[in-house]
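just a sequence and a predicted model for now, questions to come.
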Amino acid sequence: MNTEADTLTLEGLSVILTETAEALVKDVAIHLRAGEIFALVGESGSGKSITSLAGMRLLPEALHIGSGRALMGATDLFALPEARMQTIRGRRMAMIFQNPMSALNPVKTVFRQVAETLRLHTKLRGAALRDRVTSLLEEVGIPDPRQRMDFYPHQLSGGQQQRIMIAMALACEPEVLIADEPTTALDVTIQKQVLELIQKLARSRRLAVLLITHDMGVVRQSADRVGVMYRGRIIEEASVAAFFAAPKEAYSRRLIDALPRQDTYRAPIQAPPLLSVTELRVHFPVRGGLLRRVQDVTRAVNGVSLTLARGETFALVGESGSGKSTLGRAILGLEHASSGEIHFDGTRIDGLAHKARQAYRRRIQVIFQNPYSSMNPRMAIGAIIAEGMLSLGVETSEHRREARVASLLERVRLPADCARRYPHELSGGQLQRVAIARALAVEPELIICDEPTSALDVSIRADVLDLLAELQREDDVAMLFITHDLSIVPGLAHRVGVMRNGELVETGSTEQILGAPEHPYTQALLAAVPRAGD
Amino acid sequence: MFAYIIRRLLYAIPILIGVNLLTFVLFFVVNSPDDMAVSQLGAKYVTPEAIENWKAKNGYDKPLFYNAGADGLETVTETIFFAKSVRLFAFDFGRSESGRDISTDVRRRMGPSLAVVLPTFLVGIGVNICVALMVVMFHASRLDRAAVIVFVALMSISYLFYIIGGQYLVAKTWRLVPISGFLSGAEVWKFLLLPVLVGVVAGIGAGARWYRTLFLEEANQDYVRTARAKGCSELAVLFRHILPNALIPILTGVVVLVPMLFMGSLLIESFFGIPGLGSYMLDAINAQDFAIVRSMVFIGSILYIVGLILTDISYTWADPRVRLS
Amino acid sequence: MKPVILWSDALIFLLVAALVLFFWRLRRDPQTRDRWRQVFASRLGMAAFTVILAYVGVALLDSLHFRRALPPPDGVSTGEVFYDNQVSSVLDTLTAGMGERFERTYSAPFALRSFEKQTLKDEAGNTVRDFPPLRHAGAQLADPTEKWADVVRRSAPALGGGLALAVLLILPQWWLLRGSSLPWASSWLVQGILACTAVWLVSISRHYHVLGTDLGGADVLYQSLKGVRTGVLIGALSTLIMLPIAVTLGVCAGYFKGWVDDAVQYLYTTLSSIPGILLIAAAVLLFQVYIDLNPDAFPTGLEKADAKFIALCFILGVTSWSTLCRLIRAETLKISQLGYVQAAHAFGVSHGRILLRHILPNTVHIILITFVLDFSALVLAEAVLSYIGVGVDPSMGSWGNMINGARSELSREPAIWWTLSGAFLFMFLLVLSANLFADLVRDAFDPRTRLGPEAA
């Protein structure tokens, strides 16, 4: 390749974990060109973030650069003294990070943080500095910049915070922008806007962008070229069009295939309703004033009605804060309903006393989002799975319980010796299988799945979803599938409900909602989903 | 904000009542007035009349909580509880067992206490922050590791040895300042120098170590990496980004102590012969003068509660994310 | 010999047994085991722990009390055996009578003559004022100028004995721990040094006062050794009294919330708003009054001192639970929100079982860190309390009492520095080891300090 045209070239980069001398990144080469977005895609632990930090020479203390060169024109950045490197960071190379809330200094105003980059590298001061910051904020699409400038980061929304980060990075007109998972912490609709902004700026400012992501949809939507990283190496590199048309490596193929097809929908099924929720409201009191009286309420769930048939999967879709998890918790009896009714198999179950509730606890089970926090780190896997059987009196003999744990592990395709192991010894995907086994142990009729795959890597995500679908076919379990990710819905759900601000704005069959959404919010959500099949 | 403070003040009332009841139970129920009379008079002079006389003289000749012999409101007011505990709420501390007016004593002794403790407190914070910053600058080096061990070693020395050692070296061997004593007037600095020095040095180990932990905790935050990515030098990162954030826990951690400064320092005052509230308490303990101890407990708990409220207020002042409601 | 069991003796052995059991149970959990491995993988941690164990060992030896059988009085031949009024401990026996060689008053370390002049009669029968020779120290010397040569001469066999003891100690460990990856060598080094020092001190003390004598003529080294039991006990016992209160209240407040939480918060705010020192002083004084008024309950001076000591531990424990309670409450609030507690609710697991199996085991790291940190704080507090006059009974050996007795003697000319030095050395070594160990325990167990390299 022609090095002269590259804005930044990484060559033969390897990064070493100092303590064990293990190489986390091996012999990586990346060429960034002006006006082009290069996406480095990989799953967690593949070394993509470390590569980007190494490029800026910002590695955490436990790591160091083993070998390689970072050429910017004729200068090798890795050979520069630290003081010289500081004049390059922020001026010629800039970086934005995954979580804008924590990446911004919480005690400084937006103005001071954006201005700091300019103060460091330019002679702008006073009114000129203020004008420059204003125009930057305008450029990244902050409304009313003169006023927002004096806000603190926490007073802005997540999308605006990321825009501030971008403004800060671009303040000194750098040639290279490294974006490390810039949209992962954001809701889908915001995600789309931020990606479009980065794309627009890359074109208008002739920026060379290194976009780090785990999301093939993001790659498809915004990148020009792509490199796939796997276990510290770039195993494939190609233009985005060529890559999606014909990936060379089997691993790349799997990543692309993990993106759900948008064309096959599950047909709605006809069955008597198992669960029906009518006009459910869950309100949390907001206390205030002198005597901490309840002055107002947060309407987490505000008048939701839905029904769910035996053996049916209902996907509840919404962005963070829409009240979808609270609804699930209310059905589980973990949250108190302020009004409305929940019927299960013909019996009203909201507001049941502790004793009477027990029978329904066996029939309604749950799988949580974060597999790491949903297992007690001090209990062995076998004990975790058996706990529900014990407390709900499903299997009283210890011997039979053990046999059942073994058969459940087999069903979720985990080795039998897992029973004696502890949560921290398993991977996230394995733990989520344990969570499924734990729920199945008490033979439930309804499983509430609260974002069960959003903490998992894409390739594992597909396996877990397949497993859930298989179990549903075998046991005829109903599932309330709570998710923010519309893209996994098609092959999964029979029906879909879209939630916003505590209300169900639209429900219908999957085909109906994804094919011809009526509500503008559903349309916006759908438009924001990065697709592989476009 | 204003409503918040009012509410916190209201919340303080049950706590003060609790403190009062607890001390009352401790002093009068566990240990009856008769027992007190016996220990005050000394076993030699114990006769029933002597006990009654002592009780009458000191106002302990009433029932504890309820005076059935009196009428009207006096069934409640003519009791030891009312006379000795409820009056504290009106800052009426009464007289000590030896007959001195406690309020006057407290007012008179507050000055010397503050004269020692306030400079110790302020200089101590400054010194500790500087030492901690210096160590953090060399984070993860050999100097840092050695410094932590030195901090731990300094922490492991009893406060008593700092005082004794300070007096021996500075005052006795080098004869730089007087060993102990106190004067009011311009010459007072001579007597304050050593206590303040000892107080500051004794606090370095624990203080600097704590601040170092706070700085390092902040140094691991994401925004620090952002600052580096902007091109900030390490010094700029430390002073412009880490320090302002770390000052929040430091500030709120020390604000709670500010009102307690009025209580003086027990050990420093007694070793250096400073007539402050600390030595006042110590003398009261040694003389078993429970009237003084009770008053000081009450003052102490009020100051503590004020400290808690000040802490909350300082949070809103230092941290833009915190709003009180 | 007739064993005497004081309340505090029973408690310290119970305590050690409970701790051993507790750590044995913790071993079953692999994550905890890994963290302990991390603590002991540091040479510093190993050395500090060895020193702490040595202190605990001395404290235990000093807690085996008995009365010596006296030889039957001449001419009386009854079956009855008479016992010494003096209660001694195994430590007293091991130190070979170090505590029984009293001088008249102060004497400097290795001195042969008393610190204070006295009216003496010389050979001619004239009255002179001079420093009298000590009763015990250097009594074997014909010529006082040979003192240092004598010390050196006696040191050689003593150190030899110390080395032999060290070898005896270390050999079986070496045999057992051959395959271990932990830095046992640093523990063995400390053990060796401690063994040599101990044997040397005991054997030299037969003829000299290594750390001099105090006002009452008692050997300072012996007193410092006696202070070990007090220090270790006060640190461990008070923490142990405080733990159940703090843990129960903290866990309940954080888990049940609502009025339970309000009540617990009210309790600890009230308690911590009272200046600690005043509360402790008041409680101790009240207990003192109680003892004075009920002399029959405690027949011997030793029992009185022991009762007072236990009361002190109790008071320290009861007044100091608020910090830990606050921490545990906060942690419980956090854990209650986690998936596994939510899942347990969804499985209908009872409150008691959730508390015991899910919440309590996950707060153990806080309890552990507090235990080691509070231990050293309490050892230091004992000295201050004894100085104020509300500490342990003056008849009971403690570093605080030693400091209290000698604090003004530095101003004498020449200064009497050895009593303070003895207390300082013994206290510093214990507190330093405990603090260093606490640091390592915190690094290993506190999730906040366990920051690895950021995952890519």
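Alright, I've got the coordinates.

pLDDT of the helix or strand hosting residue C:365, averaged?
Per DSSP states H and E, residue C:365 falls inside helix C:364-388. Mean pLDDT, taken over the full extent of helix C:364-388, equals 88.

immediately after it, which helix or strand?
helix C:399-406.

tilt between that next one and helix C:364-388?
If you take axes from the mean of the first three to the mean of the last three C-alpha atoms, to 10 degrees, helix C:399-406 sits at 20 degrees to helix C:364-388.

contact partners of helix C:399-406?
With contacts defined as C-beta atoms under 8 Å, 6 or more residues apart in numbering or on different chains, helix C:399-406 is touched by B:158, B:160-161, B:164, C:214-215, C:220, C:223-224, C:227, C:230-231, C:382-387, C:389, C:391-392, C:394, C:416, C:419-420, C:422-423, C:426-427. For every residue, glycine as well, the C-beta is placed using N, CA and C.

near chain B, anything from the next helix-or-strand element following it?
Using DSSP H and E, the helix or strand that follows helix C:399-406 in sequence is helix C:418-445. Yes - for helix C:418-445, a contact with chain B is found by C-beta under 8 Å from any C-beta of the partner chain, at C:420, C:424, C:427, C:428, C:431, C:432, C:434, C:435, C:436, C:439.

do stretch C:279-293 as well
Yes - under the criterion of C-beta under 8 Å from any C-beta, stretch C:279-293 makes contact with chain B via C:279, C:281, C:282, C:283, C:285, C:286, C:289, C:290, C:292, C:293.

average pLDDT across the host helix or strand of the second one?
Assigned by DSSP H and E, residue C:281 belongs to helix C:276-293. Confidence for helix C:276-293, expressed as mean pLDDT, is 82.

dump the helix or strand that that helix is followed by to CSV, restricted to CA.
Sequence order places helix C:301-319 as the next helix or strand after helix C:276-293, per DSSP H and E. Below are the C-alpha coordinates for helix C:301-319, written out as CSV (Å, rounded to 0.1, in the frame of the first residue of the first chain):
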residue,chain,number,x,y,z
GLY,C,301,-7.4,-7.8,92.8
LEU,C,302,-6.6,-9.8,89.7
GLU,C,303,-10.3,-10.6,89.2
LYS,C,304,-11.2,-7.0,89.7
ALA,C,305,-8.7,-5.9,87.1
ASP,C,306,-9.9,-8.6,84.8
ALA,C,307,-13.5,-7.6,85.1
LYS,C,308,-12.6,-4.0,84.6
PHE,C,309,-10.6,-4.9,81.5
ILE,C,310,-13.5,-6.9,80.0
ALA,C,311,-15.8,-4.1,80.7
LEU,C,312,-13.5,-1.7,78.9
CYS,C,313,-13.4,-4.0,75.8
PHE,C,314,-17.2,-4.2,76.0
ILE,C,315,-17.5,-0.4,76.2
LEU,C,316,-15.1,0.1,73.3
GLY,C,317,-17.0,-2.4,71.3
VAL,C,318,-20.4,-0.9,72.0
THR,C,319,-19.3,2.6,71.3
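
coming back round to it: the helix holding residue C:365: how far from the chain's middle?
Centroid separation for helix C:364-388 versus its chain: 11 Å, with C-alpha atoms, centre = their mean, to the nearest Å.

tell me if stretch A:360-378 is near chain C.
Yes - shown here: stretch A:360-378 in contact with chain C (C-beta under 8 Å from any C-beta) through A:361-362, A:364-366, A:368-370, A:373-378.

the stretch 401-534 of chain A: strands as residue ranges?
Secondary structure of the stretch 401-534 of chain A by DSSP state E, counting those that start in this stretch: the strands cover A:446-450, A:478-483, A:495-500, A:503-509.

got the contact list for the last one?
Put plainly, it is strand A:503-509. A:265, A:267-268, A:302-306, A:323, A:494-499, A:513, A:517-519, A:521-522.

what does the first one give?
If you take C-beta under 8 Å, 6+ apart as the criterion, strand A:446-450 is touched by A:274-275, A:308, A:325, A:328, A:331-332, A:344, A:363-369, A:439, A:468, A:477-482.

change it to 6 Å
Here strand A:446-450 makes contact (C-beta atoms under 6 Å, 6 or more residues apart in numbering or on different chains) with A:275, A:325, A:328, A:364-369, A:439, A:477-482.

ok, and the closest non-adjacent residue to the residue in chain A that chain C sits nearest to?
Residue nearest to chain C within chain A (C-beta to the nearest C-beta): residue A:374, separated by 2.8 Å. Nearest residue to residue A:374, sequence neighbours excluded (C-beta to C-beta, 6 or more residues apart in numbering or on different chains): residue C:339, at 2.8 Å.

can you report how many residues neighbour that neighbour?
Counted with other C-beta atoms under 10 Å in any protein chain shown, residues neighbouring residue C:339 total 21.

surely it and residue A:366 touch.
No - judged on C-beta atoms under 6 Å, residue C:339 makes no contact with residue A:366 at a distance of 9.0 Å.

show me the contacts for the residue of chain A closest to chain C.
By C-beta under 6 Å, 6+ apart, residue A:374 lies in contact with A:368, A:435, C:339, C:340, C:343.

next up, phi/psi of the residue lying farthest from the centre of chain A, please.
Centroid-distance maximum for chain A: residue A:397 at 41.3 Å, with C-alpha atoms, centre = their mean. Residue A:397 adopts backbone torsions of phi -90, psi 140, taken as degrees, to the nearest 10.

residues from the stretch 101-250 of chain A in reach of chain B?
A:102, A:103, A:104, A:105, A:106, A:107, A:117, A:120, A:152, A:154 (C-beta under 6 Å from any C-beta of the partner chain).

which stretches in the stretch 251-400 of chain A count as strands?
All strands of the stretch 251-400 of chain A, identified by DSSP E, counting those that start in this stretch, fall at A:273-288, A:293-309, A:313-317, A:339-344, A:347-348, A:364-367.

ok, residue C:186 touching residue C:44?
No - using C-beta under 6 Å, residue C:186 makes no contact with residue C:44, being 7.9 Å away.
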